[in-house]
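*Asks:* for reference, the sequence and a predicted model appear below.
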Amino acid sequence: MIFLTANAWILWIAVIVMFLVIEAATVGLTSIWFAVGGLAAMIAALFGAQMAAQFIWFLAVSIAALIITKPLARRWSATHQPTNADRILGMEGVVTETIDNIAGTGAVAMDGKVWTGRSDKDDVRFQPGDRVSALRIEGVKLIVTAAAARDAAENKKEN
């Protein structure tokens, strides 16, 4: 324990490295603020501050860094841009191969492209020529429902 108290800066280096590794492993800004707080605590340790004071520096600087930089990071980060695939949601298409979730078959022509199609309900099959509406995309599969059913559901919501 005496070694740890006398060499607390080593602990703070480990904390900084840990939070930097977490930051590098994630897509968004998640822990960089705690690495900055760890740096402040390490500096406090090098100047001989007590462990409690080091921990207070860690928390205070981490929270301050988070409060100050989070709005800037949010503004500079890329906002969600819909992909070309997202724009087909709600569009109508034509079944080109029987959609059967149980058999794992189906294709839909929509917006000039042919998609692997699946029904939104396992017990519903669509035959070639049926009109369907795109509900969502799951991986590379287009999840569809009957175009008439979608129109009826929308009319029911409006009334």
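*Replies:* The structure has been received and is ready for your questions.
*Asks:* just the buried positions in the longest helix along the chain, please.
*Replies:* Assignment by DSSP state H gives helix 51-76 as the longest helix of the chain. Using 16 or more other CB atoms under 10 Å as the burial criterion, the residues of helix 51-76 that qualify are 54, 57-58, 61-62, 65-66. Yep, even glycine has a C-beta here, placed from its N, CA and C like the rest.
*Asks:* now swap in stretch 29-47 and tell me
*Replies:* 31-42, 44-45.
*Asks:* with stretch 13-23 instead?
*Replies:* 15-16, 19, 23.
*Asks:* average pLDDT for that stretch?
*Replies:* Across stretch 13-23, pLDDT averages out at 93.
*Asks:* export it to PDB, keeping only CA atoms.
*Replies:* The C-alpha coordinates for stretch 13-23 follow below in PDB (Å, rounded to 0.1, in the frame of the first residue of the first chain):
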ATOM      1  CA  ILE A  13      -1.000   6.100 -16.200                       C
ATOM      2  CA  ALA A  14      -2.800   2.700 -16.100                       C
ATOM      3  CA  VAL A  15      -6.100   4.500 -15.900                       C
ATOM      4  CA  ILE A  16      -5.200   6.800 -18.800                       C
ATOM      5  CA  VAL A  17      -4.100   3.900 -20.900                       C
ATOM      6  CA  MET A  18      -7.300   1.900 -20.100                       C
ATOM      7  CA  PHE A  19      -9.600   4.800 -21.100                       C
ATOM      8  CA  LEU A  20      -7.600   5.500 -24.300                       C
ATOM      9  CA  VAL A  21      -7.900   1.800 -25.200                       C
ATOM     10  CA  ILE A  22     -11.700   2.000 -24.600                       C
ATOM     11  CA  GLU A  23     -11.800   5.200 -26.700                       C
END
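*Asks:* list the contacts of that stretch.
*Replies:* For stretch 13-23, contacts defined as CB atoms under 8 Å, 6 or more residues apart in numbering pick out 29-32, 34-35, 38-39, 41-42, 58.
*Asks:* can you give me the strands in this structure?
*Replies:* Here the chain has its strands, by DSSP state E, at 92-100, 105-110, 113-119, 131-138, 141-146.
*Asks:* off-centre distance for the third one?
*Replies:* Between the mean C-alpha point of strand 113-119 and the mean C-alpha point of its chain there is a distance of 24 Å (CA atoms, centre = their mean, to the nearest Å).
*Asks:* so where is the chain shaky, pLDDT-wise?
*Replies:* Applying pLDDT under 70 to the chain flags residues 1-5, 76-85, 149-159.
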